[in-house]
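>>> Just a sequence and a predicted model for now, questions to come.
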Amino acid sequence: MKTMFEYEASADFDIRPAGKQTANGVTLESFTYMNPFGQRRAAYFIRPEGDGPFPAILYVHWYEPEAGDSNRTQFVEEAKEMARRGAASLLVETMWSDRDWFIKRTQAEDYVRSVQQVAELRQAVDLLLSRPGVDASGCAYVGHDFGAMYGAVMGSIDRRPSCYVLMAGTPRFPDWFLYYPDLEGEAREAFIEEMAPLDPVKHVGKLAPAPVLFQFAKEDPHVPVERAEEFCTAAGEPKEVRWYESGHGLNKEAESERMEWIGKQLGLLD
């Protein structure tokens with residue numbers, strides 16, 4: 001059955017290499033590829049040396065325009081460490097990789113762009129599982145902020161990820177899309193209604209039986225406790241919820257626990 005998130009899965013990725021380096025047993029490849037909508041996206045593929053097959057991880061970054069890692073670089077060091085433990089990772093660009101994306105976007109386009117972004121993430125899974133040395137039987141998905149939210153939607157209709165880490169996401173897209181520009185009255189209600197079919201809270205329960213680890217910050221101005229609890233309550237089992245003494249960006253403790261959890265799910269050695 002077709003869904004709104006369909007795309008031309010047979011289309012060529014049109015990969016253009018942009019550099020390769022190997023150090024300490026880890027290879028990082030930089031390249032661009034064509035997304036399903038005629039846009040070029042940049043990515044990193046980080047893997048152990050050797051032939052594999054290697055368990056796979058798809059990393060999708062957060063949106064924080066004041067942070068230097070609000071792009072595909074966010075998880076580079078983590079992916080390198082996971083490579084040393086035996087996993088291969090793909091780190092992709094998204095529509096929010098542009099630091100000015102939020103103020104350039106319009107609410108009139110948010111629904112369509114969101115549907116396209118979900119399709120892009122499905123294509124990113126295709127790309128990851130097609131890379132040399134990758135075990136194509138499944139992968140872990142790790143997403144922060146918007147990465148967590150769009151990942152929950154993607155996973156509800158694409159069953160290939162075998163486990164998920166959802167970091168500091170919120171249950172509904174208007175929770176953040178209404179930050180700017182502000183809407184009032186009937187216009188606000190119409191926007192909330194339009195986005196409702198995409199809201200992560202309506203999709204996260206469909207990730208089961210894939211295990212889900214939720215990571216939230218106790219001092220997060222963007223994800224109040226009640227929203228975080230609503231999001232994780234909607235998820236099926238098995239799931240874990242962990243809280244950290246940090247802000248929206250989370251902290252090293254969250255990183256360490258995330259890597260350990262993924263390693264167990266993928267059968268990696270510490």
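That came through fine.
>>> Next, count neighbours for Trp101.
The tally of other residues near Trp101 (other C-beta atoms under 10 Å) stands at 16. The C-beta positions use only the backbone N, C-alpha and C, and glycine is treated the same way.
>>> residue ranges of the strands in the chain, please?
In the chain, the strands defined using DSSP state E lie at 16-23, 26-34, 40-48, 54-60, 88-92, 134-144, 161-167, 212-217, 239-244.
>>> For those strands, give me JSON lines that also has distance to Glu186 and mean pLDDT.
Output for these, formatted as JSON lines (distance: least, C-beta to C-beta, whole Å; pLDDT from 0 to 100):
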{"stretch": "strand 16-23", "distance to Glu186": "47", "mean pLDDT": "97"}
{"stretch": "strand 26-34", "distance to Glu186": "40", "mean pLDDT": "98"}
{"stretch": "strand 40-48", "distance to Glu186": "37", "mean pLDDT": "98"}
{"stretch": "strand 54-60", "distance to Glu186": "34", "mean pLDDT": "98"}
{"stretch": "strand 88-92", "distance to Glu186": "37", "mean pLDDT": "98"}
{"stretch": "strand 134-144", "distance to Glu186": "33", "mean pLDDT": "95"}
{"stretch": "strand 161-167", "distance to Glu186": "32", "mean pLDDT": "98"}
{"stretch": "strand 212-217", "distance to Glu186": "33", "mean pLDDT": "98"}
{"stretch": "strand 239-244", "distance to Glu186": "36", "mean pLDDT": "98"}
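>>> would a markdown table of the ones you listed with mean neighbour count be doable?
Shown next, in a markdown table, are these (neighbours: other C-beta atoms under 10 Å):
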| stretch | mean neighbour count |
| --- | --- |
| strand 16-23 | 10 |
| strand 26-34 | 18 |
| strand 40-48 | 20 |
| strand 54-60 | 26 |
| strand 88-92 | 26 |
| strand 134-144 | 22 |
| strand 161-167 | 24 |
| strand 212-217 | 24 |
| strand 239-244 | 16 |
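>>> what would those strands look like in a markdown table with distance to Phe75?
Output for the strands of the chain, formatted as a markdown table (distance: least, C-beta to C-beta, whole Å):
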| stretch | distance to Phe75 |
| --- | --- |
| strand 16-23 | 17 |
| strand 26-34 | 12 |
| strand 40-48 | 9 |
| strand 54-60 | 4 |
| strand 88-92 | 6 |
| strand 134-144 | 7 |
| strand 161-167 | 10 |
| strand 212-217 | 13 |
| strand 239-244 | 17 |
